[in-house]
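Student: take a look and give me a structure for this.
(one chain, ligands or ions: 1)
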Amino acid sequence: MSQAPHAYEALLELFEGEGSRDYLGEQVSMAQHMLQTAEAARRAGAAPGLVVAAVTHDVGHFTGVVSGRDLMEGVDDHHDEVAAAWLATWFGEEVTEPVRLHVLAKRYLCATDAGYYDCLSEASRYTLGLQGGPMTAREVAAFAARPFAEDAVLLRRCDDAGKDPDGETLTLGHFRQDIEALDRTISAGISAG
Ligand code: FE
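Tutor: Predicted structure coming up:
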């Protein structure tokens, strides 16, 4: 039976491959974007689980059957759910759930924070429509009651801050320790294939 590589190796392959390409309508690559998001989460004092969520939150744009490119052509790629499912190979809920909720968090913030929409990038405003638009009052209440909703909101704010073409970008290696500390295939003693 072939064994899955550990998370760090799998992520490194994505970051150096598809992730180094354009990030759908933004001025940074997908990898730069996720690294800047993680750096913002770390600066905000986020726990390691949320930092790892930040550095992985958009992997669903390139691990899914429907890609991020399709998203920009008007078909939602559901990258939140795709990423959460892929990440569950290695990580627990403290990583997968904020990732799963990070698009809902955008819809939540658009409904609850008057200044939020204006700080969204043009691409992010475009996809908001495809993703369901701002939440209704009922959706807001349901979202706020979900476990990890607060983490998802913090992730979302870091996400929006992580699109700076002139911003400093760390490497994935800067997050290796957090990634490996939370990788359950390492703690379970499963070796990289
Ligand atoms: Fe993002």
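Student: worst-scoring helix or strand of the protein, pLDDT-wise?
Tutor: Ranked by mean pLDDT, DSSP states H and E, the helix or strand of the chain with the weakest confidence is helix 68-72, at a mean of 75.
Student: for the next helix or strand after that one, enumerate the helices and strands it packs against.
Tutor: With elements assigned by DSSP states H and E, the helix or strand that comes after helix 68-72 is helix 79-87. Helix 79-87 sits against helix 60-63, helix 93-112, with contacts defined as 3 or more C-beta pairs under 8 Å, 6 or more residues apart in numbering; DSSP states H and E. Any C-beta I mention is one placed from the backbone N, CA and C, and that applies to glycine too.
Student: among those, which comes closest to the ion?
Tutor: Closest to the ion of those is helix 93-112 (C-beta to the ion; 7.1 Å).
Student: what's the angle between the closest one and helix 79-87?
Tutor: Between helix 93-112 and helix 79-87, the angle comes out at 170 degrees (axes from the mean of the first three to the mean of the last three C-alpha atoms, to 10 degrees).
Student: past helix 93-112, which element shows up next along the chain?
Tutor: Defined by DSSP H and E, the subsequent element after helix 93-112 is helix 116-119.
Student: phi, psi for the residue sitting nearest the centre point of the chain please.
Tutor: The residue lying closest to the centre of the chain (C-alpha atoms, centre = their mean) is residue 57, at 1.4 Å. In terms of degrees, to the nearest 10, the main-chain angles of residue 57 are phi -60, psi -20.
Student: so where's this protein shaky on pLDDT?
Tutor: By pLDDT under 70, the weakly predicted segments of the chain are 1-4, 64-67, 191-193.
Student: so who does the residue nearest to the centre of the chain touch?
Tutor: Listed by C-beta atoms under 8 Å, 6 or more residues apart in numbering, the contact set of residue 57 reads 34, 37, 83, 98-99, 102, 155, 159.
Student: most surrounded residue in those?
Tutor: Within the contacts of residue 57, neighbour counts (other C-beta atoms under 10 Å) peak at residue 99, which reaches 32 neighbours.
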